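**Q** make a model of this:
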Amino acid sequence: MDKARLMAMHRAQFPENPIRSISEEYYAWKVYNNPVMAGDIHLEMRDGRTAGSAVVMPRKVANLDDIVLAAETADTFTVSEYRGQGINTKILGIAIDWAISHGMHLVYGPPNKANYGTHIRLGYKTCEYINWASLTKSLNPLRLASKLIAKIILGKQVQKSFRHLKHLSRRLTTRRPLQVPQNSSKHDFTITQIDRFTNEVDPLWGKTRYSFFIYRDKEYLNWRYSDNPDKFIVLAAFKGKDCLGYSALKLSNDKRTGILCDFVTMDDRSDIFLALVRESEKILKHNGAEHIALRCITDSSYYHDLMTLGYYNPGPKSYNPVFINARTEIGKRILENPGRWHFTYGDTDEV
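**A** Numbers count the residues shown, from 1 in each chain. The predicted structure is shown next:
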């Protein structure tokens, strides 16, 4: 686990991730305790110190009926004094080669602004047919509205404040019809907070419908949200012993933002999803969160359900690119054949 320790020390030189850990324990869990298979941390050493890094995290992805071994690449960081020497390109290239040589023929990753060009040079392409949007909702809209008005009066972040205030005003002045989950009154399912998934779950969560869907079996979900060094709250919908859906949530490091990290329901049932989100909001608000953040594909039924609950896209910069590496046949196939995705915060290492 020496690499996990070195990676944590290297990562600590860069700005903190506000919604997850960057500790040695975190990197050991993420990379080497992975239930799919062990990944790897690639480090570039210069002058007796770590100058650059890249991480490979194995995943199983359902591409319609095919279950393929995949890899997310992340944590590409180069120390400032070594930038401009091609380290970022070299180390990420090594990571991609390692993934492909170990059978991970679908390589993906959401890049950040600093390494966007590096990804392009190494064969990644933006999946143009999906829009992965950031959504938000205030848990105390009146308080937020007063803060935004004060910012506008003081001339601070005027354009951004107007945009948020516009969405808030719609929410505060528009009465939406109360949506009661159609089967909840018949006790079709119950929402329960769980520590672990104890029974097997359908890893595809219903009929085959997605071109990209992280394979969510019991082992993966317990690793992702129960064994994780960070604390997550998992809510599950049950009908008897059958799990019909879940949501995974957590607080940001400063405890002010609630993150709706992951969610899915059997065959994308809206009644179950709406019940899970409402219960998630109650728990996050009780734990001190002022607002909720999440990411969702815009053409999904989940996105439209979230709109009915008052979530909104805060602006043009809130769409996040997702890259697929085009060096492999499966990568090319997904890029060239538009299909439906289910993709959440929890499908990346960002939380």
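
**Q** ok, then the element right after the lowest-mean-pLDDT helix or strand in the chain?
**A** Sorted by mean pLDDT, DSSP states H and E, the helices and strands of the chain end with helix 158-173, the least confident at a mean of 59. Counting by DSSP states H and E, the next helix or strand C-terminal to helix 158-173 is strand 190-194.

**Q** average model confidence for that next one?
**A** For strand 190-194, mean pLDDT rounds to 97.

**Q** tell me which residues in it are buried?
**A** Within strand 190-194, the residues that qualify as buried are Ile191, Ile194, counting by 16 or more other CB atoms under 10 Å. The way it works is simple: take the backbone N, C-alpha and C, and place the C-beta from them, glycine included.

**Q** I'd like the numbering to begin with 243 instead of 1 from here.
**A** Understood, numbering begins at 243; the last thing we discussed is strand 432-436.

**Q** give the buried residues for the helix or strand following it.
**A** Of the helices and strands lying after strand 432-436 in sequence (DSSP H and E), the nearest is strand 454-456. Residues Phe454, Phe455, Ile456 are the ones in strand 454-456 that count as buried (16+ other CB under 10 Å).

**Q** so the second one is in contact with Val303, correct?
**A** Yes. Phe455 lies in contact with Val303 (CB atoms under 8 Å); the separation is 6.7 Å.

**Q** low-confidence ranges, the chain, go.
**A** Scanning the chain with the threshold set as pLDDT under 70 gives 243, 383-429.

**Q** show me it divided up by domain.
**A** 244-368, 374-382+424-562+581-588 (automatic domain parsing).

**Q** between these, which one is nearest to Glu571?
**A** domain 244-368 (7.2 Å; CB to CB).

**Q** before we move on, the earlier item: now render the domains of the chain as a markdown table, adding distance to Glu571.
**A** Supplementary listing: the domains of the chain in a markdown table, determined by distance: least, CB to CB, whole Å:
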| stretch | distance to Glu571 |
| --- | --- |
| domain 244-368 | 7 |
| domain 374-382+424-562+581-588 | 15 |
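
**Q** between these, which one is closest to Arg575.
**A** Using CB to CB, these put domain 244-368 closest to Arg575, at 7.7 Å.

**Q** and that closest one, end to end?
**A** End-to-end span of domain 244-368 (CA to CA, to the nearest Å): 34 Å.
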